[in-house]
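Asker: sequence and predicted structure below; questions after.
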There are 2 protein chains.
Amino acid sequence: MAGLRERQKQDRQKRILEEARALILEQGYEATTIEGIAAAAGLSGVTVHNYYGTKAGVLLAIVAESDRKLLEKMGAALSRDIDDLLELLLSFATIIRHHAVTNLNKPIWRQVVAATIVDPDSRFAKTYHELDHKLSMVLVREVERLQEAGRVSADISAIAVGKGLFHLQNTRFIQFVSLDDMTEEKADETLRRDVSALLHALPCRGSRGG
Amino acid sequence: MAGLRERQKQDRQKRILEEARALILEQGYEATTIEGIAAAAGLSGVTVHNYYGTKAGVLLAIVAESDRKLLEKMGAALSRDIDDLLELLLSFATIIRHHAVTNLNKPIWRQVVAATIVDPDSRFAKTYHELDHKLSMVLVREVERLQEAGRVSADISAIAVGKGLFHLQNTRFIQFVSLDDMTEEKADETLRRDVSALLHALPCRGSRGG
DNA sequence: GACAAATTTTTAGTTCAATAAAAATTTTTA
DNA sequence: TAAAAATTTTTATTGAACTAAAAATTTGTC
């Protein structure tokens, strides 16, 4: 039956996120006030606080929603044909980066990242990190696939490789959103350089002990 | 001659940073107010604003000072005996991590990282990133040394390897300060796993084309 | 020591996040 | 439809960052 009251609550919450998203994109995060969001949604500021606790809570709720979509798409979007570890990660990173800039913008992403760092125990930061984890596990599974295809050493933990790559991608993502004039292409290059260098850093030789 | 006025100004700035550091360590960043810092330093709040612009500006000035010391030490502290890339990075990371927790604490570092991300163009964030860059170049030079010793492929850019490693270290540093119950030892392990996995991810074989 | 210049402090105000408690409204239930 | 329950809004406050402009102080110069 889903209770009328419950439905209206969800409707209000949805309205808050929609209006907040529009306002933040329009005016920027800092210029957007809770009262402004509330007014746009036809509610009182206190109600917004009731639902999301803080201004950062509203922001992270917006992101959580868009990230759920990203996760859904990621599984399908990562082409199963890629049989190279480097190209796999670059493809993975491109999808994330592209999703990020089409849904929000760089200054807002900076606020998102900052908010999850300053208060990592908040309810919203936790769901953000959960999604991050799920995203990294998509990568891990792809690494496992490459291991089966013999393109990645079978005696190295797929989780370690996947997470390591994910972290590199993550740092470069933060750098990407921190530099307003860095294009997606340039970000792609820097990540390629990092990963390629690390994958080939050690001189290749037989397993003779040193 | 250095002008009396100039000397007093520097004295005041120094006092602000000292008192701010003490207060922030004692009460936490958010609980510490500009007025509180000003009172402790025997100045007015407006004066603190005049010198450092914002509360985050004060925080980043504190960090910049302590990071200068880190940079000085890093060159000397990185043992010249290390001839393994993985051990080199772990040693590098340990020095940074240890410096971080002995000078400030995790919640404060979270604020530092967040502040440099939200406003990457601020004067203080720039000096922070400059120091980061210099730090990464220390690593790059060590990689060059390992290349000369034949421990790292000579045909891979030392800058790429050094920066790549630095970024991995950086992500794990952020994770370290984000998790209050992560010990330095555990952080060391996770970084070791990442780097080791990436360095050995590709199956070793001759340069037969695919 | 008096005057000019520079700096700091005082004063006053704005804005906004966040919180608390009472009042009003809406929804459910009988 | 009336009473009860739950939720939202109103009202009111607090606390703090940040800003602007005038007043006071300190410093350097003659």
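Answerer: The structure has been received and is ready for your questions. Please read these numbers as outputs of a predicted model, since none were measured by experiment.
Asker: any idea how far A:Gly36 lies from A:Gln27?
Answerer: Distance, A:Gly36 to A:Gln27, using CB to CB, to the nearest Å: 8 Å. From N, CA and C alone the C-beta is placed, and that goes for glycine too.
Asker: ignore the last one, A:Ala160
Answerer: With distances taken as CB to CB, A:Ala160 is found 43 Å from A:Gln27.
Asker: and the host helix or strand of A:Asn50, how far out from the chain middle?
Answerer: Counting by DSSP states H and E, the element that carries A:Asn50 is helix A:45-52. Here helix A:45-52 shows a centroid-to-chain-centroid distance of 25 Å under the convention CA atoms, centre = their mean, to the nearest Å.
Asker: can you pull the contacts of A:Ile108?
Answerer: Neighbour list for A:Ile108: A:Ile24, A:Leu25, A:Gly28, A:Tyr29, A:Leu59 [criterion: CB atoms under 8 Å, 6 or more residues apart in numbering or on different chains].
Asker: A:Ile117 and B:Val118 touch, don't they?
Answerer: No. Using CB atoms under 8 Å, A:Ile117 makes no contact with B:Val118, being 9.9 Å away.
Asker: now, among the contacts of A:Ile108, which is nearest to A:Arg7?
Answerer: Nearest to A:Arg7 out of the contacts of A:Ile108 is A:Leu59 (CB to CB; 24.8 Å).
Asker: what values do phi and psi take at A:Ile82?
Answerer: phi -70, psi 120 (degrees, to the nearest 10).
Asker: neighbours of it, how many?
Answerer: A:Ile82 is flanked by 18 other residues according to other CB atoms under 10 Å in any protein chain shown.
Asker: of A:Ala160 and A:Gln27, which one has the most company?
Answerer: When A:Ala160 and A:Gln27 are compared for neighbours, A:Ala160 comes out ahead with 21 against 12, by other CB under 10 Å.
Asker: so what's the more buried one closest to, chain neighbours aside?
Answerer: In this structure, A:Ala160 finds its nearest non-sequential neighbour in B:Ala197, 3.4 Å apart by CB to CB, 6 or more residues apart in numbering or on different chains.
Asker: mind listing what that neighbour touches?
Answerer: A:Ile156, A:Ser157, A:Ala160, A:Val161, A:Lys163, A:Gly164.
Asker: buried set for the least confident helix or strand in chain A by mean pLDDT?
Answerer: None of the helices or strands of chain A scores lower by mean pLDDT, DSSP states H and E than helix A:4-27, at a mean of 88. Neighbour-count burial for helix A:4-27 flags A:Arg12, A:Gln13, A:Ile16, A:Leu17, A:Glu19, A:Ala20, A:Arg21, A:Leu23, A:Ile24 (criterion: 16 or more other CB atoms under 10 Å in any protein chain shown).
Asker: got the contact list for that helix?
Answerer: For helix A:4-27, using CB under 8 Å, 6+ apart, the contacting residues are A:32, A:36-38, A:40-43, A:47-48, A:51-52, A:58-59, A:61-62, A:65, A:104-105, A:108.
Asker: picking up where we left off before, give me the element the residue nearest to A:Ala160 is part of.
Answerer: B:Ala197 is located in helix B:184-199, with elements delineated by DSSP H and E.
Asker: circling back to that earlier point, show me which pair in the contacts of B:Ala197 is furthest apart.
Answerer: Most distant of the contacts of B:Ala197, by CB to CB, are A:Ile156 and A:Lys163, 11.9 Å apart.
Asker: grab the nearest non-local neighbour of the closest residue to DNA strand D within chain A.
Answerer: Nearest residue of chain A to DNA strand D (CB to the nearest atom of the strand) works out as A:Thr47 at 2.9 Å. Using CB to CB, 6+ apart and skipping the chain neighbours, the partner closest in space to A:Thr47 is A:Ala38 (6.5 Å).
Asker: got any ranges where chain A has weak pLDDT?
Answerer: Along chain A, segments meeting pLDDT under 70 span A:1-5, A:205-210.
Asker: around DNA strand C, pick out the residues from it.
Answerer: A:3-6, A:8, A:31-35, A:45-46, A:49, A:53-56 (CB under 7 Å from any atom of the strand).
Asker: can you give me the helices in chain A?
Answerer: Here chain A has its helices, by DSSP state H, at A:4-27, A:34-40, A:45-52, A:55-77, A:85-103, A:106-118, A:123-148, A:158-178, A:184-199.
Asker: how many other residues sit next to the closest residue to A:Ala187 other than its chain neighbours?
Answerer: Leaving aside its chain neighbours, A:Ala187 sits nearest to A:Phe176 (4.2 Å; criterion: CB to CB, 6+ apart). Residue crowding around A:Phe176 was assessed by other CB under 10 Å; the count is 24.
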